[in-house]
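Colleague: predicted structure and sequence below. I'll ask about it afterward.
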Amino acid sequence: MSIAAKPVSSSPMSKDRFDIERVRADFPILQQKVRGKPLVYLDNAATSQKPRAVIEAISRYYEGTNANIHRGVHFLSEHATEEYEAVRGIAQRFLNAAESREIIFVRGTTEGINLVAQSYGRAHIQAGDEILVTDMEHHSNIVPWQILCDERGAKLRVAPINDAGELILDEFENLLGPKTKLVAVTHVSNALGTINPIHRIVEMAHSRNVPVLVDGAQAVPHLKVDVQALDCDFYAFSGHKVYGPTGIGVLYGKAALLEAMPPYQGGGDMIASVSFEKTIYNKLPYKFEAGTPDIAGVIGLGAALQYVNGLGIENIGVYENDVVAYATAVVSAIPGVRLIGTAKEKASVLSFVLDNIHPHDIGTILDQEGIAIRTGHHCSQPVMKRFGIAATARASFALYNTKEEADALVRGIEKVREVFA
């Protein structure tokens, strides 16, 4: 059995409940203390912690299989290739893509979006065309389109959100017009936690023959993603958000679109043959994977996706929703706290401001209590502008967080209030 295909040992699920203690035991980093206090890690929207299964899969690769892939005929290369390609199948099933060749390994969501912008975008976006995004996008789903628009003479249009942080669907639909050539939208907002109605968005866009790219970085750790059911044209996510390594991710694209797109980068492995007169490109998915890839990262990603599958994404969602609902209630009850992002459909993220106290000061004091949160604009400056603030304090939850940690967060915020009383 290949490393990438090793199953998760005995799932931490009992017949009637999510066994949180067993889950937490799978994550070595959670066992430590920070500044003499038990670590409360609430910065999962930035990056998640890694289960032992992922750490061990990467170690096994370097200890026993390390070799370059696809080109070698020796034992190690053949086995490394087998393990690498097995993960493509794991990712295909994780997203329910129709074919494994629709799975492109990239460095993360950012590179996946840039690949589509530079390959699909350059081939299809012309002067006067429009690309439609929303007011809640991460910079990674704004800047690549701005670069493309500047280069091609196109225009970036922005669909507004309401005071709860929800996309205003009527306004979004009104912005879809004959000049719209692409929609790029986040599935879950990293700054607000809003879950967008992707299926409806895709229906609206496709009724006008407009393709849709979805930024799934914040969705895949929390929601079941079925790209065929969503019918999106592109879907990108990062491994490190879903308990895998940094520097690896996946771009899904419909095979017909990917087939027609030119390569994003040139180099080894993305070619069938090269001469000084002409280069013939490799078939999918390899024409988009130039050079030696992050083999260990891919194998670690495979272990992470299997870990999530072992727990069951639906079970994870039910457990997390309960914890986040509890955290939202107890944090919002603190005098002076104002939540930023109160959509009816939310996942994982609890962003807030505290009267007359800068988020950086909140984060610094919480750190003294062993509590890790994120403070700042979260690479979503347009969201901050929409709500008339410079920054928020953001607690973001994962499958290993608990209501007791939410209580610790409340005690930490109360200490912040005492310091600045």
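Modeller: Received the coordinates, thanks. Because the structure is predicted, anything quoted here is derived from the model rather than measured.

Colleague: how much distance is there from stretch 334-348 to the middle of the chain?
Modeller: How far stretch 334-348 lies from its chain's middle: 21 Å, per CA atoms, centre = their mean, to the nearest Å.

Colleague: cool, and stretch 295-315?
Modeller: Centroid displacement of stretch 295-315 relative to its chain, using CA atoms, centre = their mean, is 14 Å.

Colleague: let's have the chain start at 436 instead
Modeller: Sure, I'll start numbering at 436, so the last one becomes stretch 730-750.

Colleague: CA atoms only: put that stretch into CSV for me.
Modeller: Extracted in CSV, the C-alpha atoms of stretch 730-750 (Å, rounded to 0.1, in the frame of the first residue of the first chain):
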residue,chain,number,x,y,z
ILE,A,730,6.0,15.9,-3.9
ALA,A,731,6.1,15.7,-0.1
GLY,A,732,3.5,18.4,0.1
VAL,A,733,1.2,16.5,-2.2
ILE,A,734,1.6,13.4,-0.1
GLY,A,735,0.9,15.4,3.0
LEU,A,736,-2.1,16.9,1.4
GLY,A,737,-3.4,13.4,0.6
ALA,A,738,-3.0,12.4,4.2
ALA,A,739,-4.9,15.5,5.3
LEU,A,740,-7.8,14.9,3.0
GLN,A,741,-8.0,11.3,4.2
TYR,A,742,-8.0,12.4,7.8
VAL,A,743,-10.9,14.7,7.1
ASN,A,744,-12.7,11.9,5.2
GLY,A,745,-12.1,9.6,8.1
LEU,A,746,-13.9,12.0,10.5
GLY,A,747,-16.6,12.8,7.9
ILE,A,748,-17.0,16.4,6.7
GLU,A,749,-20.6,16.4,7.7
ASN,A,750,-19.7,15.4,11.3
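
Colleague: ends of stretch 647-664, how far apart?
Modeller: Stretch 647-664 has its terminal residues 14 Å apart, counting by CA to CA, to the nearest Å.

Colleague: quick one: Arg506 is in a strand?
Modeller: No. Counting by DSSP: H, G, I helix; E, B strand; the rest coil, one finds Arg506 to be coil, located in no strand.

Colleague: neighbours around it, how many?
Modeller: Neighbours of Arg506 under the rule other CB atoms under 10 Å: 11. Just so you know, the C-beta spots here come from the backbone N, C-alpha and C atoms, and that holds for glycine as well.

Colleague: help me confirm that it comes into contact with Ser512.
Modeller: Yes. Using CB atoms under 8 Å, Arg506 makes contact with Ser512 at a distance of 7.1 Å.

Colleague: need the residues touching each of these two.
Modeller: Counting by CB atoms under 8 Å, 6 or more residues apart in numbering, Arg506 and Ser512 have no common neighbour.

Colleague: against Ile748, how distant is Thr544?
Modeller: Thr544 sits at a distance of 18 Å from Ile748 (criterion: CB to CB, to the nearest Å).

Colleague: more neighbours: the two, which one.
Modeller: Between Thr544 and Ile748, counted using other CB under 10 Å, the more crowded position is Thr544 (27 against 19).

Colleague: ok, now how distant is that one from Asn750?
Modeller: 25 Å.

Colleague: which SS class is the most far-flung residue of the chain relative to its centre?
Modeller: For the chain, the largest distance from the centre (CA atoms, centre = their mean) belongs to Glu712, which lies 40.7 Å off. Three-state assignment for Glu712 (three-state DSSP): coil.

Colleague: measure it to Glu780 for me?
Modeller: Distance, Glu712 to Glu780, using CB to CB: 55 Å.

Colleague: Gln466: how many residues sit nearby?
Modeller: As a measure of burial, Gln466 has 10 neighbours, counting by other CB under 10 Å.

Colleague: mind listing the helices for the stretch 686-835 of the chain?
Modeller: 690-695, 730-746, 748-767, 794-803, 816-821 (DSSP state H, counting those that start in this stretch).

Colleague: show me what the longest one packs onto, helices and strands only.
Modeller: Based on contacts counted as 3 or more CB pairs under 8 Å, 6 or more residues apart in numbering; DSSP states H and E, the elements that helix 748-767 packs against are strand 772-774, strand 784-789, helix 838-854.

Colleague: got a markdown table for the ones you listed, with mean pLDDT, distance to Ala760 and mean neighbour count too?
Modeller: Formatted as a markdown table, these follow (pLDDT from 0 to 100; distance: least, CB to CB, whole Å; neighbours: other CB atoms under 10 Å):
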| stretch | mean pLDDT | distance to Ala760 | mean neighbour count |
| --- | --- | --- | --- |
| strand 772-774 | 98 | 13 | 16 |
| strand 784-789 | 98 | 10 | 25 |
| helix 838-854 | 98 | 10 | 17 |
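
Colleague: right, and these - which one's nearest Trp580?
Modeller: Trp580 lies closest, by CB to CB, to one member of these: strand 784-789, at 23.2 Å.

Colleague: tell me how far stretch 667-674 is from the chain's mean position?
Modeller: That offset, for stretch 667-674, works out to 8 Å (CA atoms, centre = their mean).

Colleague: isn't Gly547 right up against Ile683?
Modeller: No. Gly547 is not in contact with Ile683 according to CB under 8 Å; the separation is 11.0 Å.

Colleague: identify the contacts common to the two.
Modeller: Common neighbours of Gly547 and Ile683, counting by CB under 8 Å, 6+ apart, are Val541.

Colleague: per-residue pLDDT of the closest residue in space to Ala481 that isn't next to it in sequence, please?
Modeller: In this structure, Ala481 finds its nearest non-sequential neighbour in Arg809, 5.3 Å apart by CB to CB, 6 or more residues apart in numbering. At Arg809, the pLDDT value in this model is 97.
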